[in-house]
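**Student:** quick one, fold the following:
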Amino acid sequence: MVEASMEHDAKHKPWLLIPGPVSICDAVHRAMLEDHSAGEPEMIAALRAARGYLAELANAVGWGTAIPFPGSATYANEAVIRTFVPQGGRLLVHTNGAYGDWLVAMCRRMEMPHEVLRTAPARPPSHDEFCRALTVNSDITHVMMVHVETSSGLINPIEMVAELCRSHRKALLVDAVASFGALPIDMRKLNIEALVLSSNKCVEGPPGLAWVICDRAALDRSAGNASSLSFDLWDQHETVDRTGCFRFTPPTHAIRGAYAALQVHQEEGGSAARLRRYRTNWLRLVGDMRRLGFESLLADAHAAPIVATFHEPHDEHYDFRKMYDGMAANGFIIVPGRLAVPDTFRIGCIGALPEQAMSLAVRTIRDVLNDMGVRRFGPLERRQAETAEQLM
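**Tutor:** Sure thing, here's the model as predicted:
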């Protein structure tokens, strides 16, 4: 077995090779060690500064506003749907993976009038597919899609969809949970009405805090839309803007950690610098895995440097749970489940991870599979052809 090295203690600090929550740096850990009251001037100032920096990253200063929201980004996605889609509105939800499916499940559970545009999981949706959906469903008022579908690692074309929404006079809502903070997103240019992100993905903060950046005018028009007290973004924004505090008990430690993470993000060089680091990790991971014989699910042109998905080995001795356990024993946590395509597995490239961690992880995979008796790391050619046909 490969021994953990590079100051990596497998027993005390595993590396999270997952698309969230991610490994965080020591500065973020330290920021959460002290207890704080939500109403302290220091806390109010930290929240104000975090909101301002996020609006700056999205090119939303003077046009939009950033709203902190307790819980995971799934909570914030539901709040966006409840708040921005008015009574009598209808939402077109695009999905090509597990996280798009969650948006569909939300709409069904809250009985939100909606249509579903489902496209193949290993390629971006086409212009014609979206155009047909908007033309056939003329009563659509809003469109929602996931920017980076982390069940595969696919980048969806929000720029193309934004242009279609503009020409069809539809409002655009974006789940940028796995992309914001690394991939560039100009909300004002794309006229995105609301965008959801999480503090524990590319921002590299702790879980427990989500954010919504939105068009301030659209938010003002949404007053009274939400049929839920807890998921009313307009009300949350009004309170935070007026008092500097949440409506209800906030996750104070997560707020302190998120603020520290955003300071680190800014010092590193912002989204462009973070994207370069993730791209370096992704290239190292994918290159090393391919040299072992693994094949990627996605064409490189469609893959985000957030998470990489690989076909499982076609070998009778292969067992994902055993691979997972072997990786964990060596200090690496990989992703179980939530897959866009069966018989694949994912490895995350984001978080406070050095490039060397990716090569060490691949060597660990090699040794774990060798110990398992796996000799064929690539997928069966016939199964690969069948999968490709299904994804057309």
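**Student:** Ala260 should be in a helix, yeah?
**Tutor:** Yes. The assignment for Ala260 by DSSP: H, G, I helix; E, B strand; the rest coil puts it in a helix.
**Student:** separation between it and Asn137?
**Tutor:** According to CB to CB, to the nearest Å, Ala260 and Asn137 sit 44 Å apart. All C-beta spots, glycine's among them, are computed from the backbone N, C-alpha and C.
**Student:** same deal with Ser23?
**Tutor:** 42 Å.
**Student:** and these two? which has more neighbours close in?
**Tutor:** Ser23 (19 against 15; other CB atoms under 10 Å).
**Student:** wait, the more buried one sits on Gly348?
**Tutor:** No. Taking CB atoms under 8 Å as the definition, Ser23 is not a contact partner of Gly348, at 9.4 Å.
**Student:** now for these two: what residues contact both?
**Tutor:** Leu16 (CB atoms under 8 Å, 6 or more residues apart in numbering).
**Student:** can you map out the strands along the stretch 251-392 of the chain?
**Tutor:** 307-311, 332-333, 344-348 (DSSP state E, counting those that start in this stretch).
**Student:** redo these as JSON lines? Include mean pLDDT and mean neighbour count.
**Tutor:** Below are the strands of the stretch 251-392 of the chain laid out as JSON lines (pLDDT from 0 to 100; neighbours: other CB atoms under 10 Å):
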{"stretch": "strand 307-311", "mean pLDDT": "96", "mean neighbour count": "24"}
{"stretch": "strand 332-333", "mean pLDDT": "96", "mean neighbour count": "20"}
{"stretch": "strand 344-348", "mean pLDDT": "96", "mean neighbour count": "24"}
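**Student:** CSV please, covering those and showing distance to Ala133.
**Tutor:** CSV is the format used below for the strands of the stretch 251-392 of the chain (distance: least, CB to CB, whole Å):
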stretch, distance to Ala133
strand 307-311, 26
strand 332-333, 38
strand 344-348, 27
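**Student:** so which of those strands is nearest Asp319?
**Tutor:** strand 344-348 (11.5 Å; CB to CB).
**Student:** just checking, what packs against that closest one?
**Tutor:** strand 307-311 (3 or more CB pairs under 8 Å, 6 or more residues apart in numbering; DSSP states H and E).
**Student:** residue ranges with poor pLDDT in the chain?
**Tutor:** The model of the chain has pLDDT under 70 over residues 1-12, 380-392.
**Student:** which residues in it form helices?
**Tutor:** 26-31, 41-57, 73-84, 98-109, 127-136, 158-168, 187-190, 216-221, 233-243, 252-268, 270-292, 320-329, 355-372, 381-390 (DSSP state H).
**Student:** how far does the fifth one sit from its chain's centre?
**Tutor:** Distance of helix 127-136 from its chain centroid, counting by CA atoms, centre = their mean, to the nearest Å, is 25 Å.
**Student:** same check on the first one?
**Tutor:** Taking CA atoms, centre = their mean, one finds helix 26-31 lying 22 Å from the centre of the chain it belongs to.
**Student:** ok, now how distant is Gly64 from Val264?
**Tutor:** 23 Å.
**Student:** point to the residue nearest the middle of this protein.
**Tutor:** The chain has Ala178 as the residue nearest its centroid, 1.8 Å off, counting by CA atoms, centre = their mean.
**Student:** wait, that residue touches His147, no?
**Tutor:** Yes. Between Ala178 and His147 there is a contact under CB under 8 Å: 7.2 Å.
**Student:** what about Gly293, how many residues nearby?
**Tutor:** Neighbours around Gly293, by other CB under 10 Å: 13.
**Student:** that older thread, now do the contacts for the residue nearest to the centre of the chain.
**Tutor:** Here Ala178 is in contact with 19-20, 99, 146-148, 150, 201-202, 304, 306-307 (CB under 8 Å, 6+ apart).
**Student:** distance of the closest residue to Val203 other than its chain neighbours relative to Pro305?
**Tutor:** Leaving out its chain neighbours, the residue that sits closest to Val203 by CB to CB, 6 or more residues apart in numbering is Gly181, at 4.5 Å. Applying CB to CB, the value for Gly181 to Pro305 is 13 Å.
**Student:** look at the two and report which has more neighbours.
**Tutor:** Gly181 (26 against 23).
**Student:** next up, the contacts around that one.
**Tutor:** 57, 197, 201-204, 265, 271, 274 are the contacts of Gly181 under CB under 8 Å, 6+ apart.
**Student:** out of the residues you listed, flag the one nearest to Ala352.
**Tutor:** Using CB to CB, those come closest to Ala352 at Glu204, 5.8 Å.
**Student:** I'd like the distance between Leu353 and Tyr259.
**Tutor:** 22 Å.
**Student:** phi, psi of the residue nearest to the centre of the chain?
**Tutor:** phi -100, psi 0 (degrees, to the nearest 10).
**Student:** next one: stretch 37-52 to chain centre, how far?
**Tutor:** 25 Å.
**Student:** give me the buried positions along it.
**Tutor:** 38, 43, 46-47, 50-51 (16 or more other CB atoms under 10 Å).
**Student:** which of the residues you listed lies closest to Leu360?
**Tutor:** Once CB to CB is applied, the member of those that ends up nearest Leu360 is Ala50, at 33.2 Å.
**Student:** is the closest one in contact with Arg256, as I believe?
**Tutor:** No. Counting by CB under 8 Å, Ala50 sits too far from Arg256 to count as a contact (10.0 Å).
**Student:** need the residues that contact stretch 155-169.
**Tutor:** Here stretch 155-169 has contacts from 94, 96, 124-125, 127, 130-131, 134-135, 140, 143, 145-149, 170-172, 174, 179, 183, 185, 190-192, 302-304, using CB under 8 Å, 6+ apart.
**Student:** list buried residues within those.
**Tutor:** 94, 96, 124-125, 130, 134, 140, 143, 145-149, 170-172, 174, 179, 183, 185, 190, 192, 302-304.
**Student:** tell me which of these fall in strands.
**Tutor:** Per DSSP state E, strands hold the following members of the buried ones among the contacts of stretch 155-169: 94, 143, 145-146, 148-149, 171-172, 174, 192.
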